[in-house]
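S.K.: Take this sequence and fold it.
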Amino acid sequence: MTPMMSGMSRRLAVGAVLIISWVVVAWLTWTLASRPDPLLHAAMESTFVTVDVEMRRLESAVVGNALVEWSDRRTHARAGHWSTGVVTRGVEEGEPLTYGDALFEIDLMPVFLLPGAVPSFRDINSTTLGRDVVELRAALRSLGLLNSVSTDAPEVFGEDIQRAVARLYVKAGYIPPTEQPIASHQLAQLRASWSQVQTNKSDQLDPLVDIIYAFGPYLAASQFLVVENAGERLGTPISLGQDASEVEVTSTGRNQIVRLSLERNAVGLLTVGATATLNTRDGVDHPAEVTWISPTVDPETGRFWVEATLVRSDPVLAGQPARVSIVVETTGSNDVLVVPISAVTESPAGQPRVLILGDDGAVMESEVRLGLSVAPFVEVLESSIPLQPGTPLVVASNVRQEPEE
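M.R.: Residues are numbered from 1 along each chain as shown. Predicted coordinates for the structure are as follows:
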């Protein structure tokens, strides 16, 4: 072989090696690019954050704070004669109030509770005429102590009403006061009759009334309390030994209530009869019902009043603070299908939808019709793809995971 041919062969061999090297490098580069490191691949994959479909009872409520108090609380006017004397028999708060009963005593004499609109202001005796006598006559008739229905002079404190007053006292266990002192020779007979009445009132009541009537019974202003609405229970105690001038007679109903002051934006949401719940400081829930809503909003404060009545009263709760929740809207007593509000989006057509993550990892779109919404859930009434409790819904995607070390 000539020197010139030998040099050409070497150059061809070197070129062939370079070409082969380039081909190998290109193949390796393509292979490595198509098979990346597993950690790097994991960092690039898309993942999903999901929440589950649930069964729950939803309830929307207006909430406020109030004190538990007795309903229909009233303070009743008392006679000026009460300015003297002391209480010789008291009565506890909460005791039932009944017309015709001797409520308490001042200087050993009873104070009767009578129905009427005109408060007591004077003694009533045989010389008394007026509207208060007419009222007394009606009160005694309502108590079954006076049988006469009509009279020519209803404003006169006549024989029929005088006997009825005597019966009022005797039935309550007291000898009624009289206009004139009882003669000494009659006093012994009166005491004997009284002893018999204490043993058997029904048989001896009328003879005793006859004796008392002979001396002109009357009703002292300090011995009756006339009230138009007595309520059902005593609102404040009247204590033994209390100065009569300090006695305050209040009455309440038998129900306990809370009164809430609420913002204007709650107007129209509440209705009488709505369900309410009181949570007291002992942590116990007490059922209640809305029984009154003020018809107007205070223009200065922009607030209005709502009253709820407890289903069951408990004297222990009186005066306690409570957090009151009044139901505005509810899905009912049973659990319903709900989804987190964060799982609901809007389809391109503008319809609410949820994204369901299938077992195979595929994401399916389901249009839904929604019901009551109470954060953080919303009720699902219908779904184009049936939903079941536990169905995973996509709330976020394309979340990059950090490579594990």
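S.K.: What strand or helix carries V63?
M.R.: Under the criterion of DSSP states H and E, V63 resides in strand 59-67.
S.K.: try D160
M.R.: Here D160 is assigned to helix 159-172, by DSSP H and E.
S.K.: Who are the packing partners of that helix?
M.R.: Secondary-structure packing of helix 159-172 (3 or more C-beta pairs under 8 Å, 6 or more residues apart in numbering; DSSP states H and E): strand 109-115, helix 131-142, helix 201-213. In short, each C-beta sits where N, CA and C put it, glycine included.
S.K.: ok, back up a step: could you list the paired strands of the strand holding V63 along with their orientation?
M.R.: strand 321-330 (antiparallel) (DSSP bridges).
S.K.: about what we covered before: helix or strand right after the strand holding V63?
M.R.: From strand 59-67, the next helix or strand downstream (DSSP H and E) is strand 69-70.
S.K.: Just checking: what are the partner strands of that following strand?
M.R.: In its sheet, and by DSSP bridges, strand 69-70 pairs with strand 256-263 (antiparallel).
S.K.: Dump the helices and strands packed on helix 159-172 to JSON lines, plus distance to L168, mean neighbour count and mean pLDDT.
M.R.: Formatted as JSON lines, these follow (distance: least, C-beta to C-beta, whole Å; neighbours: other C-beta atoms under 10 Å; pLDDT from 0 to 100):
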{"stretch": "strand 109-115", "distance to L168": "7", "mean neighbour count": "21", "mean pLDDT": "94"}
{"stretch": "helix 131-142", "distance to L168": "7", "mean neighbour count": "20", "mean pLDDT": "93"}
{"stretch": "helix 201-213", "distance to L168": "10", "mean neighbour count": "16", "mean pLDDT": "71"}
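S.K.: Tell me which of those approaches Q320 most closely.
M.R.: Taking C-beta to C-beta, strand 109-115 is the member of those nearest to Q320, at 29.0 Å.
S.K.: tell me what that closest one is packed against?
M.R.: strand 102-106, helix 131-142, helix 159-172, strand 224-227.
S.K.: With respect to L219, which of the helices and strands packed on helix 159-172 lies nearest?
M.R.: Taking the helices and strands packed on helix 159-172 one by one with C-beta to C-beta, helix 131-142 is closest: 6.9 Å.
S.K.: Output the contacting helices and strands for the closest one.
M.R.: Secondary elements touching helix 131-142 (3+ C-beta pairs under 8 Å, 6+ apart): strand 109-115, helix 159-172, strand 224-227.
S.K.: Quick one: mean pLDDT over the next helix or strand after the second one.
M.R.: Same thing as helix 159-172. Next along the chain after helix 159-172, taking DSSP H and E as the criterion, comes helix 184-199. For helix 184-199, mean pLDDT is 72.
S.K.: list the buried ones in the host helix or strand of V395?
M.R.: Here V395, judged by DSSP H and E, is contained in strand 392-397. Counting neighbours by 16 or more other C-beta atoms under 10 Å, one finds that the buried residues in strand 392-397 are 392-395.
S.K.: Same question for stretch 227-237.
M.R.: Neighbour-count burial for stretch 227-237 [16+ other C-beta under 10 Å]: 227, 230-236.
S.K.: gap between the two ends of stretch 65-80?
M.R.: 40 Å (C-alpha to C-alpha, to the nearest Å).
S.K.: Could you pull out the buried residues of it?
M.R.: 66, 68-71, 76, 78-79.
S.K.: need the helices and strands packed on helix 131-142 in a markdown table with distance to H185, can you?
M.R.: Listed next are the helices and strands packed on helix 131-142 as a markdown table, based on distance: least, C-beta to C-beta, whole Å:
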| stretch | distance to H185 |
| --- | --- |
| strand 109-115 | 25 |
| helix 159-172 | 20 |
| strand 224-227 | 31 |
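S.K.: list the contacts for G241?
M.R.: By C-beta atoms under 8 Å, 6 or more residues apart in numbering, the contact list for G241 reads 86-87.
S.K.: Against V86, how distant is it?
M.R.: According to C-beta to C-beta, to the nearest Å, G241 stands 6 Å off from V86.
S.K.: Could you name every residue contacting both of those two?
M.R.: Overlap of the contact sets of G241 and V86 (by C-beta under 8 Å, 6+ apart) is empty.
S.K.: can you pull the pLDDT of V149?
M.R.: In this prediction V149 is given a pLDDT of 67.
S.K.: who wins for proximity to P207 among the helices and strands packed on helix 131-142?
M.R.: Per C-beta to C-beta, nearest to P207 of those: helix 159-172, 10.5 Å.
S.K.: which of the residues in that closest one are buried?
M.R.: Neighbour-count burial for helix 159-172 flags 161-171 (criterion: 16+ other C-beta under 10 Å).
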